[in-house]
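Visitor: 3D, please:
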Amino acid sequence: MIKLTSLNSDDEFKKLLKLKKIHNNYFTVYFGKIYSGETNKNLKISFVAKKKIGNAVKRNKIKRKLRSAVQKNLNKNILQKKNYAYLIIARSQAYREKFSIISEQVNKTFEKIEKIIN
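Guide: The predicted structure is shown next:
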């Protein structure tokens with residue numbers, strides 16, 4: 001199983017924010033190759049929820065939903081590009097929506113990313 005690790009430095013975040021992105025009603029995904037020749041054993045992915053969304057409980061619940069949806073889709077072998085990094089910025093609509101719908105949207109989004117990458 002692939003382990004999820006967070007982006008570590010500010011430089012990694014800044015590089016990703018300049019690369020490609022896909023919008024959704026529930027989140028925005030920034031993705032790109034920020035590592036040159038090295039291959040990682042872990043998938044670099046970070047989840048961000050801005051303070052504008054709500055209090056800490058609300059933000060953490062949204063991040064838990066998104067993280068769980070990504071873990072579920074990892075089992076479907078969609079995210080196998082380990083030298084790519086992903087940044088998922090949550091939106092407030094994800095708080096009210098059911099997990100099944102968010103998981104479906106995550107799946108569709110990462111399928112789009114696979115088409116763009118290949």
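
Visitor: okay, CA-based contacts and neighbour counts for the rest of this
Guide: Fine.

Visitor: Mind checking the pLDDT average for stretch 74-88?
Guide: With pLDDT averaged residue by residue, stretch 74-88 scores 74.

Visitor: what ranges do the helices span in this protein?
Guide: 10-17, 56-74, 93-96, 99-117 (DSSP state H).

Visitor: Can you list the buried residues in the second one?
Guide: In this case it means helix 56-74. Residues of helix 56-74 classed as buried by neighbour count (16 or more other CA atoms under 10 Å): 58-60, 62-63, 65-67, 69-71, 73-74.

Visitor: what packs against it?
Guide: Counting contacts by 3 or more CA pairs under 8 Å, 6 or more residues apart in numbering; DSSP states H and E, helix 56-74 packs against strand 42-48, helix 93-96, helix 99-117.

Visitor: can you pull the buried residues of the last one?
Guide: For helix 99-117, burial by neighbour count (16+ other CA under 10 Å) applies to Phe99, Ile102, Ser103, Gln105, Val106, Asn107, Thr109, Phe110, Ile113.

Visitor: picking up where we left off before, Tyr86: which of the helices of the chain is closest?
Guide: Smallest distance to Tyr86 across the helices of the chain (CA to CA): 7.5 Å, for helix 10-17.

Visitor: The closest one packs against which elements?
Guide: Partner elements for helix 10-17 (3+ CA pairs under 8 Å, 6+ apart): strand 27-32, strand 85-90.

Visitor: What pLDDT is listed against Lys115?
Guide: pLDDT, read off for Lys115, is 87.
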